[in-house]
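> Mind folding the following:
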Amino acid sequence: MTGLRQTLVFLTAAAMTLIAAPAHASAAGPITAEVTLDLGKDGVLHVSEKISGATGEVKRTLLTRTRYDDDNDRLYQVSNLKGGTQAGDVVTMKSPGTLTYDVKGAISPSGDLQELRWFAVSGWDSPVQKATVKVTSQGQVQNLSCFAGELTSVIGCTSASMDHTATQADFEQQGLSPGQALTVVVGYPKSTTTGTPILERRFSLASAFTLNLVTGGTLAGLLVLLLGGVGLLYWTRGRDARAGGQESPVQAVQDGHFAPPDGVRPGQIGTLVDEQADVVDVTATIVDLAVRGYLRIDEQPRQTYDAPDWMLVRLPNAPIPALLPYEKALYDAIFEGRDAILLSDLSGSFAKNLGKVRDELYADVVQQGWFARRPDTERTRWTTIGVILVALGLVGTVALAWFTTYGLIGLAVVIAGAALAVGGQYMPAKTAKGSAALAHTLGFRQYLFSGDLGNVPEQHRVELFSRYLPYAVIFDGVEHWSRVVASVTGNGRQADNLYWYHGPAEWDLSKFAGSMRTFTTTTSGAISSSRQFRSL
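Numbering: from 1, shown residues only. Okay, here's the model as predicted:
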């Protein structure tokens, strides 16, 4: 019996603890609210809420933001709160007690009147058994209404009336559940207060990028101004200088010897034409080094399904000091102290040195006097400025769209920046000397593809036509010139090899055109897979 008695005592104590616990968290039972609202001349609403009918701590969540229209929210600013503690929009007080505070933003225009709207009783965590609201002001009441229940309710409250002087409005509501509201609305003459609603723009893409006369006109004006500035910049800084003097006709063969225009090499011509040191220029330079006797290209034997490959062989006694700086950089990058290397191994072995080849090519065209500044530096400068403008335009667009409805205006800077970033690729400008060299180059290209080979002695044709081939690589004419080279030999008969290109045992010059086309494609692929040329 003693054990049973102890168990019953324990269960009873636990039950009492569970029953008593809520009393510490909230008031026991419903509350009664007596609310007084006094509207001042400045539009500030002075509020007094007398809470009774329960004992303990009660909480109210103030409603300080509502939807005003499609673009704005309406704010109610609560200040000078006394009789409780406030954390955000939650007010905590002890019942019975009195809560006082001021509200700014409760007045808004309504036709020919001013309208006071306030959620006199709302957001309590306890039921409201009875709520009364008294509204006073210096103006006469023109109309009044009230709503009870959920915040969006259109159900009228229990009663709404005004006194005989029309300076006081009285409202009453019986039975509000926790969280429900009693909203009072009173109309006054316009001169009653100087109060206005406090609006905060609500972000939306439609309103942020509003198209109207102001935004559309400003956008168009800025586009004309900024894009015109980009065009003027190109007109003054990006156009090639005009070549001076009378251009003489191109004579690629003089006294039986090959003579390219202005004595320039294929890599130089490629950089001059498109203003970029790219994979085609390097490929053409490799072929040119072979034709001029610095290396030999040996096509490797292969089975039917094997990938084609070539051995690049260093030739002894080659006049290395005669190489131009970019040619020397490429020559060293290929061999690096070895005598031969497979083309398939090049992409991994000389990738780290290709940046120097590009730098030397760009430095060479400046040294030749064809460009006042390195083309890559010029492109980078203007493209970088364009990208910065795009970034600034995006930041400005976001700021304008977030805080105003003028987001479209910021797009003008974005568009102008994008135009400058793209146009920056065309900003390198040739000097007058560069323009003259380009004119000679284009004339040489026309000569190469004209089919007029001139009176080239047969015994010199293999050498001369081989010297044409690197330039044909630049001008995308490998197929044509490979067939020309394969069609003749020193004695007019078909041969198995060239002095600079050797094929496998079963190979002869009838296959040279296909081999050369595959070689240039494979070489360009090996170069473009390297880090420095990948973007090209």
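
> Select the helix or strand of this protein having the lowest average pLDDT value.
helix 2-25 (a mean of 43; mean pLDDT, DSSP states H and E).

> and the following helix or strand past that one, what other elements does it pack with?
Once helix 2-25 ends, the next helix or strand along the chain (criterion: DSSP states H and E) is strand 31-39. With contacts taken as 3 or more Cβ pairs under 8 Å, 6 or more residues apart in numbering; DSSP states H and E, strand 31-39 sits against strand 45-61, strand 113-121, strand 128-136. Glycine gets a C-beta too; all of them are placed from N, C-alpha and C.

> For the nearest residue to residue 29 once chain neighbours are set aside, give me the pLDDT.
Of all residues not flanking residue 29 in the chain, residue 54 sits nearest, at 4.9 Å (Cβ to Cβ, 6 or more residues apart in numbering). Predicted confidence (pLDDT) for residue 54: 84.

> what's the answer for residue 426, then?
87.

> can you pull the contacts of it?
234, 238 (Cβ atoms under 8 Å, 6 or more residues apart in numbering).

> Now do the phi/psi pair for residue 503.
Dihedral angles of residue 503 (phi, psi; degrees, to the nearest 10) stand at phi -110, psi 170.

> Do I have it right that it meets residue 510?
No: applying Cβ atoms under 8 Å as the test, residue 503 and residue 510 come out as separate, 10.3 Å apart.

> Which of those two has more residues huddled nearby?
Between residue 503 and residue 510, counted using other Cβ atoms under 10 Å, residue 503 has the larger neighbour count: 20 against 11.

> now the more buried one: how far from residue 201?
Distance, residue 503 to residue 201, using Cβ to Cβ, to the nearest Å: 76 Å.

> now do residue 359
Taken as Cβ to Cβ, the span from residue 359 to residue 201 is 53 Å.

> list the buried ones in the helix or strand hosting residue 394?
Following DSSP H and E, one finds residue 394 within helix 375-403. Within helix 375-403, the residues that qualify as buried are 375-376, 378-379, 382-383, 386, 389-390, 393, 396-397, 400-401, counting by 16 or more other Cβ atoms under 10 Å.

> what's the angle from the helix or strand that comes right after that helix to helix 375-403?
Toward the C-terminal end, the helix or strand that comes next after helix 375-403 (DSSP H and E) is helix 407-423. Helix 407-423 runs at 170 degrees relative to helix 375-403, counting by axes from the mean of the first three to the mean of the last three Cα atoms, to 10 degrees.

> ok, and what's touching helix 407-423?
Residues outside helix 407-423 that contact it (Cβ under 8 Å, 6+ apart) are 208-211, 215-216, 218-219, 222-223, 226-227, 229-230, 233-234, 238, 382-383, 385-394, 396-401.

> now the residue with the shortest distance to the centre of the chain, nearest residue through space, not along the chain?
Among the residues of the chain, the one closest to the centroid is residue 391, at 7.4 Å (Cα atoms, centre = their mean). Leaving aside its chain neighbours, residue 391 sits nearest to residue 417 (7.7 Å; criterion: Cβ to Cβ, 6+ apart).

> Provide a list of residue ranges in the protein with pLDDT below threshold.
Per-residue confidence of the chain (counting by pLDDT under 70) places the weak regions at 1-28, 243-262, 348-351, 451-461, 485-496, 529-536.

> now with 80?
Along the chain, segments meeting pLDDT under 80 span 1-29, 70-71, 202-208, 242-263, 303-305, 347-353, 447-465, 478-497, 508-510, 526-536.

> in it, which spans are helices?
2-25, 205-208, 213-233, 266-274, 279-291, 325-335, 346-349, 354-367, 375-403, 407-423, 432-448, 461-474, 478-486, 512-528 (DSSP state H).

> Out of these, flag the one nearest residue 90.
Closest of the helices of the chain to residue 90 is helix 2-25, at 14.2 Å (criterion: Cβ to Cβ).

> Using CSV, write out the CA atom coordinates for stretch 467-487.
The C-alpha coordinates for stretch 467-487 follow below in CSV (Å, rounded to 0.1, in the frame of the first residue of the first chain):
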residue,chain,number,x,y,z
ARG,A,467,58.3,28.4,-100.7
TYR,A,468,54.7,29.5,-101.7
LEU,A,469,53.2,26.7,-99.5
PRO,A,470,53.6,28.4,-96.0
TYR,A,471,51.9,31.5,-97.4
ALA,A,472,49.2,29.3,-98.8
VAL,A,473,48.6,28.0,-95.3
ILE,A,474,48.0,31.5,-94.1
PHE,A,475,45.6,32.2,-97.0
ASP,A,476,43.8,28.9,-96.5
GLY,A,477,45.0,27.5,-99.9
VAL,A,478,46.9,24.4,-98.7
GLU,A,479,44.9,22.0,-101.0
HIS,A,480,45.6,24.0,-104.1
TRP,A,481,49.3,24.6,-103.6
SER,A,482,50.0,21.1,-102.3
ARG,A,483,48.7,19.8,-105.6
VAL,A,484,50.9,22.3,-107.5
VAL,A,485,54.0,21.2,-105.5
ALA,A,486,53.2,17.5,-106.1
SER,A,487,52.8,18.0,-109.9
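
> Figure out how far it is from the centre of its chain.
Relative to its chain's centre, stretch 467-487 lies at 44 Å (Cα atoms, centre = their mean, to the nearest Å).

> ok, residues contacting it?
By Cβ under 8 Å, 6+ apart, the list of residues contacting stretch 467-487 reads 252, 258, 260, 266, 269-270, 273, 280-281, 283-285, 287-288, 291-292, 444-445, 448-449, 462, 465-466, 498, 509-510, 512-513, 515-517, 520.

> I'd say residue 378 and residue 430 touch.
No: look at residue 378 against residue 430 with Cβ under 8 Å: they stay out of range, at 11.1 Å.

> Mutual contacts of those two, please.
Common neighbours of residue 378 and residue 430, using Cβ under 8 Å, 6+ apart, are residue 371.

> which residues does residue 371 contact?
Neighbouring residues of residue 371 by Cβ under 8 Å, 6+ apart: 275, 365, 378, 428-431, 434.

> Beta-bridge partners for it, please?
According to DSSP bridges, the partner residues bridging residue 371 are residue 430.

> And it, how far from residue 377?
From residue 371 to residue 377 the distance is 10 Å (Cβ to Cβ).

> One more: residue 236?
Separation of residue 236 from residue 377 (Cβ to Cβ): 18 Å.

> Next: residue 406.
Distance from residue 406 to residue 377, by Cβ to Cβ: 37 Å.

> What are the phi and psi values at residue 301?
The phi/psi pair for residue 301 (degrees, to the nearest 10) is phi -60, psi 150.

> hang on, isn't it packed against residue 502?
No: between residue 301 and residue 502 there is no contact under Cβ under 8 Å: 11.2 Å.

> neighbour count winner among the two?
More neighbours surround residue 502 than the other of residue 301 and residue 502, with 16 against 11 (other Cβ under 10 Å).

> Please name the nearest non-neighbouring residue to the more buried one.
Closest to residue 502 by Cβ to Cβ, 6+ apart is residue 298, at 4.7 Å.

> Having no further points to raise, I will conclude here.
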